[in-house]
Structure formats: structure tokens, C-alpha cells
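**Student:** Please find the sequence and the predicted model below.
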Amino acid sequence: MTDPISDLLTRIRNAHKAGHESVEVPYSRMKGEIVKILHEEGYLAGYKLNEKKPFSTLTILLKYASGRQPAIQSIKRLSKPGCRVYASKDEIPRVLGGLGVVILSTSSGVKTGQKALEQGVGGELLCEVY
């Protein structure tokens, strides 16, 4: 069984490399929160929830800079099902000196490293993006 978050990140990475405009993934609340954060931070052009039977999907619109350069240069899973990685509020890593984003799963929801630091909470490090 594959990890759903790794699957999401891999689909985004592969779609960028193939030059696709959008990618469709099965929906879960965790994936929805991660995509929402990536959109708010400017890494995605948009997203849309398609509520269908028997399962819902999430359509992700990819963002490209001039010259068809992907907005996401790197997207990497940090904590895996076999090896969870946690960080306290004092140990939240900075990605590229603050130019990138780390996404955490905290007790108060999925947040960027910056928001978790401001609120003084730590959690499981899900992924880093730049």
C-alpha cells in the first residue's frame, strides 16, 4: 500500500516534468489541506474539488513561470509511514533560508512552518517545497 501524501507529491512532480496544465488526484482531507497551503504560498495556480460517486477527486492546476519553468523546483516528503519525523516548535527547519516552505501536521491542523512557529506549535514534518 502506498502512502497517499507521497502519491500526491509524486503526481505533482511528474505532471510538472511532463508539462501538464493540471493533474487529478483522489481526494482526502489531508491532501486538500496540503494543496490549499501550496496554492496560498503561490506554488499552484489553483485547485478544485470534484465531488463524485463513488469517490471525490481533486483537480490541481499547475503553475509555470516564464519559459515553462515549473513554480515548484523541488517537492520532497520528509516524514514517511516507516520513519516518522517530528519537530518541536524550536526545531522547525527553514527551507533555503526562508525562501521555501515546510508543511507540518500539528495538533491544530496542517500548517506551514512559519505559521506553526508563530503559534508556538510543533508537529509531524510532512514535506518541504521550493
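**Tutor:** Cool, got the structure.
**Student:** Strands of the chain, start to end?
**Tutor:** Using DSSP state E, the strands of the chain run over residues 22-26, 44-50, 57-62, 75-77, 86-87, 101-106, 109-112, 123-129.
**Student:** Which among those strands is found nearest to Arg13?
**Tutor:** Using Cβ to Cβ as the measure, strand 75-77 is the one of the strands of the chain that comes nearest Arg13, at 5.7 Å. Just so you know, the C-beta spots here come from the backbone N, C-alpha and C atoms, and that holds for glycine as well.
**Student:** so where's the chain shaky on pLDDT?
**Tutor:** In the predicted model of the chain, residues 1 satisfy pLDDT under 70.
**Student:** Domain parsing of this protein, as residue ranges.
**Tutor:** As given by automatic domain parsing, the domain ranges for the chain are 4-68, 75-129.
**Student:** re the thing from before, save the strands of the chain as TSV, and put in distance to Glu33 and mean neighbour count too.
**Tutor:** Formatted as TSV, these follow (distance: least, Cβ to Cβ, whole Å; neighbours: other Cβ atoms under 10 Å):
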stretch	distance to Glu33	mean neighbour count
strand 22-26	13	16
strand 44-50	11	14
strand 57-62	11	18
strand 75-77	15	17
strand 86-87	18	15
strand 101-106	9	22
strand 109-112	4	18
strand 123-129	10	20
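**Student:** so which of those comes closest to Pro93?
**Tutor:** Of all those, strand 101-106 comes closest under Cβ to Cβ, at 5.7 Å.
**Student:** Can you list the strands that that closest one pairs with?
**Tutor:** Here strand 101-106 is paired, per DSSP bridges, with strand 109-112 (antiparallel), strand 123-129 (antiparallel).
**Student:** Quick check: which of these is nearest to Tyr27?
**Tutor:** strand 109-112 (14.6 Å).
**Student:** List of residues touching that closest one?
**Tutor:** Under the criterion Cβ atoms under 8 Å, 6 or more residues apart in numbering, residues 30, 33-34, 37, 41, 101-104, 119, 121, 123, 126 lie in contact with strand 109-112.
**Student:** Brilliant, that's me finished.
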